[in-house]
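Below are the sequence and a predicted model; questions follow.
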Amino acid sequence: MTNGNFFNKLFDFSFKEFITLQIIKYLYIIGIAFAGFTALGMIG
């Protein structure tokens, strides 16, 4: 895959570049951080 910017991948209707894989990485990190803060809130 070639490296393109965010909008090139977002509007790639030939489906050669997948923006979902890039978004999922950040959503996973945000989810883990949110779960950690929630656990700390329940403990404290």
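Thanks, I have the structure now. The model shown is predicted, which means the values in this text are computed figures rather than measured ones. Numbering: from 1, shown residues only.

Just give me the longest helix of the protein.
Longest helix in the chain, counting residues (DSSP state H): helix 20-43.

starting at the chain centroid, how far to that one?
With Cα atoms, centre = their mean, to the nearest Å as the basis, helix 20-43 stands 10 Å off its chain's centre.

So which bits of it are buried?
Using 16 or more other Cβ atoms under 10 Å as the burial criterion, none of the residues of helix 20-43 qualify. (Glycine included, C-beta is placed from N, CA and C.)

Show me what that helix is packed against.
Under the contact criterion of 3 or more Cβ pairs under 8 Å, 6 or more residues apart in numbering; DSSP states H and E, helix 20-43 touches no helix or strand at all.

Not counting it itself, show me its contacts.
Residues from elsewhere that reach helix 20-43, judged by Cβ atoms under 8 Å, 6 or more residues apart in numbering: Phe6, Lys9.

how about 10 Å then?
Here helix 20-43 makes contact (Cβ atoms under 10 Å, 6 or more residues apart in numbering) with Met1, Phe6, Lys9, Leu10, Phe18.

Can you flag the buried ones in the residues you listed?
Buried among the contacts of helix 20-43 by 16+ other Cβ under 10 Å: Lys9.

In a markdown table, list the contacts of helix 20-43 along with distance to Met42.
Shown next, in a markdown table, are the contacts of helix 20-43 (distance: Cβ to Cβ, whole Å):
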| residue | distance to Met42 |
| --- | --- |
| Met1 | 41 |
| Phe6 | 36 |
| Lys9 | 38 |
| Leu10 | 37 |
| Phe18 | 36 |
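
Which ones among the contacts of helix 20-43 lie within helices?
The helices, defined by DSSP H, take in Phe6, Lys9, Leu10 from those.
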